[in-house]
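> Give me a 3D structure for the following:
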Amino acid sequence: MTESESPPPPRRSPWRFAPLVLIAAALAAAYASGLHEHLSLGELRARRLELEAFVAANFILALAMYMAVYALVVAISIPGALWLTLTGGFLFGPWIGGGGTVIAATLGATAIFLAARTALGDALRARAGGWLSRLEQGFQRNAFNYLLALRLFPGAPFFIVNLAPAFLGVSLRDYFFATLIGIIPGTLVYASIGNGLRAAFAAGTDVDPAAAARDLLFSPQILLPIVGLIALALAPIIVRMLRNRSAT
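Predicted coordinates for the structure are as follows:
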């Protein structure tokens, strides 16, 4: 090899796609088994007495099973995490159910983050454009605070926020802790709504918990503190941008 020749690029092992293949296989198995059909308010209403009896007799096991299912649903990106969050609040109360949901959702999100980063991160980061490129600028300024703000924002699509950091070089530590902290407020709101379903079901009241949760989440007493947290998370990024502008 002459000095003018550059070394060939390193060959990447095809095994890097193994995590994504496993996730795809788990997703196919979940749909084939009908798991997604059980993630609904109707299913919770129909099986509430059975579920309550199981939780009363096997609280720790039930909580562990709930967290395992929740982490799996998030990792393989099955729609229905909202109903599971409501179920957690219904079965275990807002604090234990909400806390278990936060941990399980963080673990599930971290699993899909690691799988996507291992298999596709370099290729997609090199081709980042459009909205992904705009997100990249925010992550480059302060990855932890920017991701924390996205997690706190109620309207941010959870699936997109799970994957985008994997393509934009966010560290595992920043991703994990920003996710863990950022999803706490919204999760506790939905778990509290789930806890309130017990009285509604007992009274035979028709209720749309998703609408109730959205109304509560976007009410001033809940939304304003969340907006304040978002502003606090973004403050270092904004200050840095202003300093960079004044220096040019």
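> any idea which helix is longest in the protein?
In terms of residue count, the longest helix belonging to the chain (DSSP state H) is helix 94-126.
> elements contacting that helix?
In this structure, helix 94-126 makes packing contacts with helix 18-33, helix 59-75, helix 81-92, helix 158-167, helix 172-182, helix 184-202, judged by 3 or more Cβ pairs under 8 Å, 6 or more residues apart in numbering; DSSP states H and E. Backbone N, C-alpha and C define where each C-beta goes, glycine included.
> Now tabulate those helices in CSV and tack on mean neighbour count, mean pLDDT and distance to residue 144.
Rendered in CSV, the data for the helices and strands packed on helix 94-126 read as follows (neighbours: other Cβ atoms under 10 Å; pLDDT from 0 to 100; distance: least, Cβ to Cβ, whole Å):
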stretch, mean neighbour count, mean pLDDT, distance to residue 144
helix 18-33, 14, 62, 24
helix 59-75, 18, 92, 20
helix 81-92, 25, 89, 23
helix 158-167, 20, 79, 10
helix 172-182, 19, 92, 4
helix 184-202, 20, 80, 15
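> Let me know which of those helices is the nearest to residue 115.
Each of those was checked against residue 115 via Cβ to Cβ, and the shortest separation belongs to helix 18-33, namely 3.5 Å.
> The helix or strand that that closest one is followed by relative to helix 81-92, how many degrees between them?
Per DSSP states H and E, the first helix or strand lying C-terminal to helix 18-33 is helix 41-57. Here helix 41-57 points in a direction 30 degrees away from that of helix 81-92 (axes from the mean of the first three to the mean of the last three Cα atoms, to 10 degrees).
> My guess is residue 68 contacts residue 104. True?
Yes. Assessed by Cβ atoms under 8 Å, residue 68 is found in contact with residue 104 at 7.4 Å.
> TSV for the helices and strands packed on helix 94-126, including distance to residue 147?
Supplementary listing: the helices and strands packed on helix 94-126 in TSV, determined by distance: least, Cβ to Cβ, whole Å:
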stretch	distance to residue 147
helix 18-33	21
helix 59-75	16
helix 81-92	18
helix 158-167	6
helix 172-182	4
helix 184-202	14
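> how near is residue 79 to residue 116?
Shown here: residue 79 relative to residue 116, a distance of 18 Å by Cβ to Cβ, to the nearest Å.
> Neighbour count: those two, which is higher?
Between residue 79 and residue 116, counted using other Cβ atoms under 10 Å, the more crowded position is residue 116 (20 against 10).
> these two touch, right, the more buried one and residue 160?
No. Proximity of residue 116 to residue 160 does not meet the contact threshold set by Cβ under 8 Å, at 11.7 Å.
> Residue 100: which of the helices and strands packed on helix 94-126 is closest?
Residue 100 sits nearest to helix 59-75 of all the helices and strands packed on helix 94-126, at 5.0 Å, using Cβ to Cβ.
> which residues are contacting the closest one?
Counting contacts by Cβ atoms under 8 Å, 6 or more residues apart in numbering, the residues outside helix 59-75 that touch it are 23, 26, 30, 35, 39, 54-55, 80-81, 84-85, 87-88, 91-92, 96-97, 100-101, 103-105, 107-109, 111-112, 158, 162.
> Go again with 7 Å.
With contact meaning Cβ atoms under 7 Å, 6 or more residues apart in numbering, helix 59-75 is reached by 23, 26, 54-55, 80-81, 84, 88, 91-92, 100-101, 103-105, 107-109, 111-112.
> so what pLDDT did residue 132 get?
The per-residue pLDDT reported for residue 132 equals 57.
> cool, and residue 246?
So residue 246 comes in at 57 (pLDDT).
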